[in-house]
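*Asks:* sequence and predicted structure below; questions after.
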Amino acid sequence: MDAEGIDARELARLVRGLPAMPAAKRAKLARELVDVAKRVLSLTADAAVLEALESMTYRELAAELGTSEASVNKAVSRHRSRMGERRQS
């Protein structure tokens with residue numbers, strides 16, 4: 001399973017369906033969903049950082065998040081890189 005094409009709503013739908021599955025299938029899908037959830041949440045967080053920068057400086061956002069300006073810059077770079085990869089696909 002790949003995080004591409006799965007958003008937070010789809011992830012939530014898949015998680016809600018877990019209890020109805022047979023145990024072995026549930027275990028396999030749950031493990032796959034952990035990886036997908038990490039990717040989806042990372043994408044969401046990085047996009048939110050970029051959105052916040054529309055009204056805040058890097059310094060202000062870093063203070064708000066309790067992190068460094070370098071971490072904010074890294075999130076922005078990661079998000080822009082991902083968006084570039086998607087446009088090329």
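*Replies:* Structure received.
*Asks:* show the residue spans covered by the helices in this structure.
*Replies:* 8-17, 23-52, 58-65, 69-88 (DSSP state H).
*Asks:* now those as a markdown table including mean neighbour count and mean pLDDT?
*Replies:* Quick note: C-beta positions are derived from backbone N, CA and C, even for glycine. A markdown table is the format used below for these (neighbours: other Cβ atoms under 10 Å; pLDDT from 0 to 100):
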| stretch | mean neighbour count | mean pLDDT |
| --- | --- | --- |
| helix 8-17 | 12 | 88 |
| helix 23-52 | 14 | 91 |
| helix 58-65 | 15 | 96 |
| helix 69-88 | 13 | 83 |
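*Asks:* ok, the residue lying farthest from the centre of the chain to Lys28 distance?
*Replies:* Farthest-out residue of the chain from its mean C-alpha position, per Cα atoms, centre = their mean: Pro22, at 28.0 Å. Using Cβ to Cβ, to the nearest Å, Pro22 is found at 10 Å from Lys28.
*Asks:* check Asp7 too.
*Replies:* 22 Å.
*Asks:* and Glu10, by the same measure?
*Replies:* Counting by Cβ to Cβ, the gap from Glu10 to Lys28 is 18 Å.
*Asks:* again, but for Ala70
*Replies:* On the measure of Cβ to Cβ, Ala70 and Lys28 end up 38 Å apart.
*Asks:* same question for Glu60.
*Replies:* For Glu60 relative to Lys28 (Cβ to Cβ), the value is 44 Å.
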